[in-house]
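Novice: Dropping the sequence and predicted coords here.
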Amino acid sequence: MDIEALVDLMDGKGELAGALANSEQRTARLVDQLRFQHEVLAEIHELSDPKSKTPLQDRDLIRIKAHVALRQAAQSGMLS
């Protein structure tokens, strides 16, 4: 790496700085996506309690939550 490219990177300019910023944005979006997926899985886990008094209603909510999470992952393109 030449000194000029390094100075540009430190100043937030140039091709390398742009690629780094883009990578950081993608990483932040991926972390947000993973947090959302984790939250949905936790909710599904709670709904799948075998001691539930409303198993059919819970099953329907599980299907809806899973569908939303799968659709959101597919639309974002982050996990597929």
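Specialist: Ah, there it is.
Novice: three-state assignment of Gly12?
Specialist: Following DSSP: H, G, I helix; E, B strand; the rest coil, the label given to Gly12 is coil.
Novice: Would you confirm that Asp8 contacts Leu20?
Specialist: No: counting by C-beta atoms under 8 Å, Asp8 sits too far from Leu20 to count as a contact (11.1 Å). (C-beta placed from N, C-alpha, C; glycine too.)
Novice: more crowded one of those two?
Specialist: Legend: neighbour count by other C-beta atoms under 10 Å for Asp8 and Leu20, higher for Asp8 (16 against 13).
Novice: Just the pLDDT for the residue lying closest to Ala66 once chain neighbours are set aside.
Specialist: Of all residues not flanking Ala66 in the chain, Ile44 sits nearest, at 6.5 Å (C-beta to C-beta, 6 or more residues apart in numbering). Ile44 carries a pLDDT value of 97.
Novice: helix or strand for Ile44, which one?
Specialist: Taking DSSP states H and E as the definition, Ile44 sits inside helix 14-47.
Novice: Contacts for stretch 23-36, please.
Specialist: Applying C-beta atoms under 8 Å, 6 or more residues apart in numbering, the contact partners of stretch 23-36 are Ala69, Gln72, Ala73, Ser76, Met78, Leu79.
Novice: Nearest residue to the fifth one in space, ignoring adjacent ones along the chain?
Specialist: With C-beta to C-beta, 6+ apart as the measure, Gln33 is the residue that lies nearest to Met78, at 4.6 Å, once sequence neighbours are left out.
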